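Build me a model from this:
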Amino acid sequence: MINKNQAIRILNSGLHTGADYAEIYIEEKDSFSVTVENGKVENSAVRHSCGAGIRLLNKLQSVYGYTNEVSEKALTKLIQNLSNSFHDKQVLTVDKLVTKKAKNISQIEDSFSNINDKVIIDYIKSGDETLRNVDKRIVRTNVSFMYSISKVQIINTKGFNHLDYKERGRCGVMCVAADQGKIETGFEGPGASAGFEFFEKNIDVKKLCKNVGEKTIMMLEAKECPSGKMPVVIGNGFGGTLFHEACGHPLEASAVSRNLSVFSGKIGQQIASPILSAIDDGTIPNGWGSNNIDDEGNKTEKTLLIENGILKNYLIDDFNGRRMNRKGNGACRRQSYKYEPTSRMSNTYICAGKSTPEEIIAATKFGLYAKSLAGGQVNPVTGEFNFGCSEAYLIRDGKICEPVRGASVIGTGQEILMKIDMIGNDLERAQGMCGAASGFIPVDVGQPTIRVSEMTVGGNGGEIK
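Numbering: from 1, shown residues only. Got it, this is the predicted structure:
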C-alpha cells in the first residue's frame, strides 16, 4: 500500500499525460487451495500476491497497465509507459485525498487467517470418502476447498483513498461416473463472502457429496432426452444460469454503451413477461458475489433491472457510463490488479413469484423439467443461446417422471423472457465463476422455479411426435 502524499504525486503524473481521470488500484491477496482426489491430497497451495494497476481515461479513451512492484517509483514509471496514449494538455490536478474505509457488509466470525489448514483438509476428506462410497461406477472423485483474503486500496482523482477488506471461501465437489461406454459428470460448488463458520454451520459436506454422487449415477442410468418444441420448467438456483448468460450480460454497460446488446436503448420498454422482475444485488450479506465497494470505489447497489417486464436499468461502470451519459451504479468489477475493470454482474436473480413449484409442474401436461443447467454458449449481440442440462426429467400429465440425459435448451434471451408464463415462490441462489473481459469473478445466479411456455429442446432420444 502507499501513503497519501505518494498517491497524490502518482495521480498528478497520470494527469500530466493529458488524461482527465487517473486511478490507482492496489491489491494484496493471500489465498489457499487444497484438493482431495480419489481419497488422496493431490494439490495444496498457499499463495501471496501483490500488485497495482494504473488506469488513465480521457473522454472515451482508456489505457491500463499493471506492475508487481508497489512503489512510487514503479507506478510513476508505469504511467510514463502509458503516457503516449494521450496528447491533450493537462488541465486537472489533485491536491488532497479523503480516506474512506469501506463498511464490511459481510460479517466474518471465524476468519480463514485463524483456521489451521488441517481442519479444512479433514473437512473435505470426510466428504470425499462419502462420495467414493456412493457407487462403484464413480471412477473419479474430486473435493476441493479454496479461500482468499484480500486487502484493496483504490485511489483516484475524484479525491478519494478507498480501503477495502474481504474474505471468500468455496467448497467444490466433482465426480465422474462411467458404465458401458457412458460417462456422466456431477458438480456442486457452494461458496460465500464469509469465514469458515459459514461452511461449518451451513454446508454438511458429507450430505453435499452424497447428493452429488447419487445425482450423477441417476443421470448415468437415464435414457436419452427426446427433442422438439415443448414447455420447459426450469428449476430454482442454478437454473438462473440461463438468465445470467442470455439476459444478464446483455444488460452490462460494456455491451449496451456500444450498441452491442439486444437491449440497447430499451429502457422503459417491455422486454419480458409482465410477471417477471429481476435484480442484481451486490449488497447481500455474505453473498458469494457481494462486495463492499466496486472496483472503482463506488458503493455497491441493489439494482432493479426489470420490473413487471419493463426494462428499468443497466449495470453501469463509470467509464462506460460516459458513453451513456449515466453514472455508475456500483457494478464495476475485475479479477485482480492485472485486469482493467468494467461493468459486471454480482448476485443476479429473477424475483420470486406467486406459484408453488408443485402448481407449475401440475399445470404442465407434457414437457421438460430442467432442474439444473450446466455450461453453454451465448451470443451477447443476438442473445442466442444453447445450454446443457446437468439434471433433467420429463413431465407427463402434471407429474415429474423419468430422468433424461443429454438434454439441452435452445433459444434467444429476448424470446424466452417473453414466454415465461409461471414463476414460483421458491427463490434460491447458487454460486459460480463468471468469465469476461475483466477476468473471472465470483457471482451468484438465481431464480425461483419458472416455466417457459415453449422452448426448443435438443436430445438424442428421437423427436417428439
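
Can you tell me the centre-most residue of this protein?
Geometric centre of the chain, nearest residue: Val443, 2.3 Å, by Cα atoms, centre = their mean.

Can you read off the pLDDT for the closest residue to Thr185 other than its chain neighbours?
Excluding its sequence neighbours, the residue lying closest to Thr185 (Cβ to Cβ, 6 or more residues apart in numbering) is Val176, at 5.3 Å. (Glycine included, C-beta is placed from N, CA and C.) For Val176, the pLDDT comes out at 98.

and Val176, what is it in contact with?
138-140, 183-185, 216 (Cβ atoms under 8 Å, 6 or more residues apart in numbering).

and the residues you listed as JSON lines, adding secondary structure?
Listed next are those as JSON lines, based on DSSP: H, G, I helix; E, B strand; the rest coil:
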{"residue": "Ile138", "secondary structure": "strand"}
{"residue": "Val139", "secondary structure": "strand"}
{"residue": "Arg140", "secondary structure": "strand"}
{"residue": "Ile183", "secondary structure": "strand"}
{"residue": "Glu184", "secondary structure": "strand"}
{"residue": "Thr185", "secondary structure": "strand"}
{"residue": "Thr216", "secondary structure": "helix"}
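
from these, which is closest to Gly228?
Checking these against Gly228 by Cβ to Cβ gives Glu184 as the nearest, at 23.2 Å.

Just give the nearest non-adjacent residue to that closest one, would you?
Nearest residue to Glu184 in three dimensions, chain neighbours excluded: Leu220, at 4.1 Å (Cβ to Cβ, 6+ apart).

and the gap between that neighbour and Gly353?
33 Å (Cβ to Cβ, to the nearest Å).

go on, Asn116?
For Asn116, the distance to Gly353 (Cβ to Cβ) stands at 45 Å.

The two: which has the busier surroundings?
The neighbour comparison of Asn116 against Gly353 (other Cβ atoms under 10 Å) goes to Gly353, with 21 against 8.

May I have the phi/psi pair for that one?
Backbone torsions for Gly353, taken as degrees, to the nearest 10, come to phi -110, psi -150.

Then Arg47?
phi -130, psi 140.

now the end-to-end length of stretch 220-234.
From its first residue to its last, stretch 220-234 covers 21 Å (Cα to Cα, to the nearest Å).

Over to stretch 189-206?
OK, stretch 189-206 end separation, Cα to Cα: 13 Å.

and it, what's its mean pLDDT?
Taken as a whole, stretch 189-206 carries a mean pLDDT of 97.

if we look at that stretch, which residues are touching it?
Contacts for stretch 189-206 (Cβ under 8 Å, 6+ apart): 106-112, 115, 119-120, 123-124, 126-127, 130, 143, 147, 166-173, 208, 286-288, 290-291, 430-432, 442.

go with 6 Å
By Cβ atoms under 6 Å, 6 or more residues apart in numbering, the residues outside stretch 189-206 that reach it are 106, 108-112, 115, 123, 126-127, 130, 167-168, 170-172, 286, 288, 290, 431.

And stretch 380-400, by the same measure?
With Cβ under 6 Å, 6+ apart as the test, stretch 380-400 has contacts from 215, 242, 246, 249-250, 255, 260, 262, 361-362, 364, 366-374, 376-378, 401-404, 407-410, 412-414.

In strands, which of those appear?
Using DSSP state E, the subset of the contacts of stretch 380-400 located in strands is 366-374, 376-378, 401-404, 408-410, 412.

all helices for the chain, in order.
Taking DSSP state H, the helices of the chain run over residues 4-15, 72-82, 117-132, 197-202, 205-221, 241-243, 253-256, 318-324, 357-362, 413-419.

May I see the buried residues of the last one?
Residues 413-414, 416-419 are the ones in helix 413-419 that count as buried (16 or more other Cβ atoms under 10 Å).

circling back: mind listing what the residue nearest to the centre of the chain touches?
Residues counted as contacts of Val443 (Cβ under 6 Å, 6+ apart) are 289, 345, 432, 434.

To what extent is the second one buried, counted in neighbours?
Going back to what we said before, that points to Met345. Neighbours of Met345 (other Cβ under 10 Å): 25.
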